[in-house]
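**Student:** structure here, sequence nowhere to be found:
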């Protein structure tokens, strides 16, 4: 089967693909007949769709197809009869969920904001402004890292803004898109989990209240307690400048990307045009005298309005669209009709990233139904001690997140299990919670189809398989440091 997958991936053939997919479904149907009626009793069988997904992605590099097949496999196991009904019902549930609606509004309008800033000349003016200060390859990447730190309010805002604005500059300095994507991604979620004024802090703080660790209204205070111990966030962000400056040399797949650019001049890996939010567009005209304020004012307003509305990113993007309408029309840069057309164009550019996220959420949904995360945590709890708990939680949930791809979704499942477990074992609850938060960031950081990977890939113009694949070694390096830190902290605290 593996050899057939490799052959099919090397030379696409529709008939052969169909036969292989039908064979996978048939084998799964036979397998499902031997499973218990209650998914809670699946045991190790709950791991099968996850293992299939990872193997399929590595062999074919086709993530949309892999997520769809792995989800169908999960529904065949859990439905054991009404597969289409179960699949359709879960898909509808995902599409109608508050999280997905939030994603579509926020990410879609972020695409509109980026397109409007380009048309207003803000992106061009910003590029000119930065290029005068970043005259070397290293300085361009350091500027990318610094800008990522400044835009800390939300990882989506961070990735989409920094990636799309810095790509033209780093292209001039012959930086592989994979390297740019790594720098952008490593200053998005890793920074948000360290900042008490971020969408992550608000969400996690509320979960800490819901799950009984933090008293009502004190979720953010308890979140702040975890910040010194969110080791992965610290290491992931701090390793970046060391790699940019050459103190830690590039290695693994990233080194091959560097070699490709040096030998061929090709900046983006094959297939990147499919996810790049700027590809396939007609050249967007720039005003005769582009102003850098047409870049800075919308971004400043977006950050300020998000904070003003209790760190509500959705309110932030909606009010920013209204602000940009007034700002740009008052300068006579565009008409109301052009503003609408550009907004729709930006929404259209986000279709593939949003589709990937829908499928990732669907896969996460079926994993919940077959008890994947619960099984992993319960299996790991048998070897836990109060001292080893933070280390084990970080490692196990990091791998779990790498497979499921939805960090906030993993938090919703894991924290209600981990917090009572830590209290019952008389372990350090702050460390245990920090381990869960760090695990979510690490797993999302190296996952091929997590929201962070997809949006960073879209903004930087680097296909998400190559972005995750080249970033993974540096993610594992930061994870190794974090694991040691959690191990030491478990015994010290």
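**Tutor:** Looks like it arrived, so ask away. Values in this document were obtained by computation on a predicted structure and should not be read as measured data.
**Student:** remind me, longest helix of this protein?
**Tutor:** Ranked by residue count under DSSP state H, the longest helix found in the chain is helix 464-492.
**Student:** I'd like to know which elements it is packed against.
**Tutor:** helix 177-185, helix 231-244, helix 253-264, helix 389-404, helix 429-446, helix 451-460 (3 or more Cβ pairs under 8 Å, 6 or more residues apart in numbering; DSSP states H and E). Every C-beta, even on glycine, is put in place using the N, C-alpha and C of the backbone.
**Student:** nearest to residue 35, of the ones you listed?
**Tutor:** helix 389-404 (19.4 Å; Cβ to Cβ).
**Student:** tell me the angle that closest one makes with helix 464-492.
**Tutor:** 170 degrees (axes from the mean of the first three to the mean of the last three Cα atoms, to 10 degrees).
**Student:** and after helix 389-404, which helix or strand comes next?
**Tutor:** Downstream of helix 389-404, the first helix or strand assigned by DSSP states H and E is helix 407-424.
**Student:** so which bits of that next one are buried?
**Tutor:** Residues of helix 407-424 classed as buried: 407, 409-415, 417-419, 421-422 (neighbour count, 16 or more other Cβ atoms under 10 Å).
**Student:** swap in stretch 259-276?
**Tutor:** Quick answer for stretch 259-276 (16+ other Cβ under 10 Å): 260, 261, 267, 268, 269, 272, 275, 276.
**Student:** state the mean pLDDT of that stretch.
**Tutor:** In this model, stretch 259-276 has a mean pLDDT of 89.
**Student:** in this protein, what spans have low per-residue confidence?
**Tutor:** Within the chain, the stretches with pLDDT under 70 are 1-13, 279-284, 407.
**Student:** the residue lying closest to residue 417 once chain neighbours are set aside: what's it in contact with?
**Tutor:** Spatial nearest neighbour of residue 417, excluding adjacent residues (Cβ to Cβ, 6 or more residues apart in numbering): residue 377 at 5.3 Å. Contact analysis of residue 377 by Cβ atoms under 8 Å, 6 or more residues apart in numbering lists 396, 397, 400, 414, 417, 418.
**Student:** shouldn't the fifth one be in contact with residue 371?
**Tutor:** No. No contact is recorded between residue 417 and residue 371 when judged using Cβ atoms under 8 Å, the distance being 11.9 Å.
**Student:** packing partners for the host helix or strand of residue 149?
**Tutor:** Assigned by DSSP H and E, residue 149 falls within helix 137-150. For helix 137-150, the packing partners by 3+ Cβ pairs under 8 Å, 6+ apart come out as helix 155-172, helix 177-185, helix 231-244.
**Student:** out of the ones you listed, which is the most enclosed?
**Tutor:** Most buried of those, by mean neighbour count (mean count of other Cβ atoms under 10 Å): helix 177-185, with a mean of 30.
**Student:** from residue 394, how far off is the residue nearest to residue 461 when sequence neighbours are not counted?
**Tutor:** Excluding its sequence neighbours, the residue lying closest to residue 461 (Cβ to Cβ, 6+ apart) is residue 276, at 3.7 Å. Per Cβ to Cβ, to the nearest Å, residue 276 is found 33 Å from residue 394.
**Student:** right, so of the helices and strands packed on helix 464-492, which gets closest to residue 355?
**Tutor:** Nearest of these (Cβ to Cβ): helix 451-460, 9.4 Å.
**Student:** for that closest one, buried residues please.
**Tutor:** Under the neighbour-count criterion of 16+ other Cβ under 10 Å, helix 451-460 has 451, 452, 453, 454, 455, 456, 457, 458, 459, 460 buried.
**Student:** the fifth one contacts residue 103, doesn't it?
**Tutor:** No. The pair residue 455 / residue 103 is not scored as a contact, 9.7 Å apart, by Cβ under 8 Å.
**Student:** number of nearby residues for residue 68?
**Tutor:** By the measure other Cβ atoms under 10 Å, the count of residues near residue 68 is 16.
**Student:** wait, doesn't it sit right on residue 358?
**Tutor:** No. Residue 68 is not in contact with residue 358 according to Cβ under 8 Å; the separation is 10.5 Å.
**Student:** returning to what we had before: so which of the helices and strands packed on helix 464-492 is nearest residue 287?
**Tutor:** Smallest distance to residue 287 across the helices and strands packed on helix 464-492 (Cβ to Cβ): 23.1 Å, for helix 451-460.
**Student:** ok and the closest one relative to helix 464-492, angle-wise?
**Tutor:** Using the same axes, to 10 degrees: helix 451-460 against helix 464-492 is 140 degrees.
**Student:** rewinding a little: for residue 203, find the nearest of the helices and strands packed on helix 137-150.
**Tutor:** Each of the helices and strands packed on helix 137-150 has some distance to residue 203 by Cβ to Cβ; the shortest is helix 155-172, at 11.3 Å.
**Student:** residue contacts, residue 265?
**Tutor:** residue 174.
**Student:** cool, residue 173 as well?
**Tutor:** Residue 173 neighbours (Cβ under 8 Å, 6+ apart): 136, 137, 140.
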